[in-house]
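S.K.: below are the sequence and a predicted model for it; my questions follow.
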Amino acid sequence: MESKGCVEIFPETPPKGCVIWLHGLGANGHDFESVVPFLKIEPSLSIWYIFPHAPSIPVTINNNFVMPAWYDIYALDRDAKIDENGIRESASRIKTLINDAEDKGVPTEKIIIAGFSQGGVVAIETALTYPKKLCGLISISSYFPTSETIKPHASNTEIPVLICHGREDEMVLESMGDRAYRNLMGMGYEVEYKTYPTGHNVIAEELIDIGSWITQQLTT
């Protein structure tokens with residue numbers, strides 16, 4: 001089902017939990033719609049999946065070509081300028097989706113924020129700064145460019161975090177995922193870090209691990 005700028009998959013029974021999953025640069029909400037069965041999560045958990053679409057904007061690193069993007073990217077090197085305003089504007093939009101899910105009966109303590117690549121950056125920003133306790137944060141093939149400027153909210157200083165990254169990732173180097181892991185650990189977060197024999201994508205083994213992690217968070 002598609003509505004309010006999102007692809008949504010509803011459980012057969014009233015939702016007990018919610019996963020909001022953000023796609024990467026140039027994709028849309030349909031990009032991860034097909035992974036749900038591969039997570040192998042028991043239907044009894046009654047998870048509502050929300051896959052939002054990013055807006056289309058000019059992206060500097062791609063010669064200002066207009067494409068779906070959560071924020072502008074000037075370059076991928078460590079010292080490149082960061083579009084912090086764009087990241088935070090997108091995070092604000094995702095917070096609205098969290099609020100909507102809560103209004104529809106899912107407590108924020110049962111909402112997990114996930115994101116791939118660019119979406120992972122926004123997922124981190126969203127989850128760490130959201131003013132109510134969330135269930136968990138998943139960053140996939142991503143990085144943490146706002147580690148020095150983010151202002152975490154006290155409600156989510158203990159949020160569980162899962163970072164997954166391909167060891168052969170040629171777009172977002174695995175070292176960037178490792179740096180995000182170390183930055184979050186240094187900030188006091190509980191972080192699990194997993195790597196996989198793949199590039200800038202997800203594989204079956206990874207999806208099973210993500211599904212197990214989601215199940216663990218929603219049942220504890």
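M.R.: Cool, got the structure. Since we're looking at a predicted model, the values are computed, not measured.
S.K.: does the residue most central in space within the chain count as helix, strand or coil?
M.R.: For the chain, the residue nearest the mean C-alpha position is residue 115 (2.1 Å; Cα atoms, centre = their mean). Secondary structure for residue 115, judged by DSSP: H, G, I helix; E, B strand; the rest coil, is strand.
S.K.: the one 5 residues further on too?
M.R.: Counting by three-state DSSP, the backbone at residue 120 sits in helix.
S.K.: what residues are up against residue 180?
M.R.: 124, 139, 142-144, 147, 163 (Cβ atoms under 8 Å, 6 or more residues apart in numbering). All C-beta atoms are positioned from the backbone trio N, CA, C, and that covers glycine.
S.K.: then residue 213?
M.R.: 136, 138, 162, 192 are the contacts of residue 213 under Cβ under 8 Å, 6+ apart.
S.K.: ok so the third one is a strand residue?
M.R.: Yes - judged by three-state DSSP, residue 162 forms part of a strand.
S.K.: got a list of contacts for stretch 118-129?
M.R.: Stretch 118-129 is contacted from outside by 21-25, 54, 69-71, 73, 87-88, 90-91, 94-95, 98, 113-115, 134, 136-146, 150-153, 156, 159, 180, using Cβ under 8 Å, 6+ apart.
S.K.: same thing with stretch 54-74?
M.R.: Here stretch 54-74 makes contact (Cβ under 8 Å, 6+ apart) with 22-23, 25-28, 53, 75-76, 80-83, 85-87, 89-90, 118-119, 121-122.
S.K.: stretch 181-193 now?
M.R.: So stretch 181-193 is contacted by 144, 147, 152, 157-163, 165, 177-178, 213 (Cβ under 8 Å, 6+ apart).
S.K.: pick the one among those residues closest to residue 103.
M.R.: For the contacts of stretch 181-193, the residue nearest residue 103 by Cβ to Cβ is residue 159; the value is 21.2 Å.
S.K.: just give the number of residues close to the closest one.
M.R.: Neighbour count for residue 159, taken as other Cβ atoms under 10 Å: 23.
S.K.: so residue 199 sits in a strand?
M.R.: No - going by three-state DSSP, the assignment for residue 199 is coil, not a strand.
S.K.: list the contacts of the residue nearest to it when sequence neighbours are not counted.
M.R.: Of all residues not flanking residue 199 in the chain, residue 168 sits nearest, at 4.7 Å (Cβ to Cβ, 6 or more residues apart in numbering). Residue 168 makes contact with 174, 197-199, according to Cβ under 8 Å, 6+ apart.
S.K.: this completes my enquiry, with thanks.
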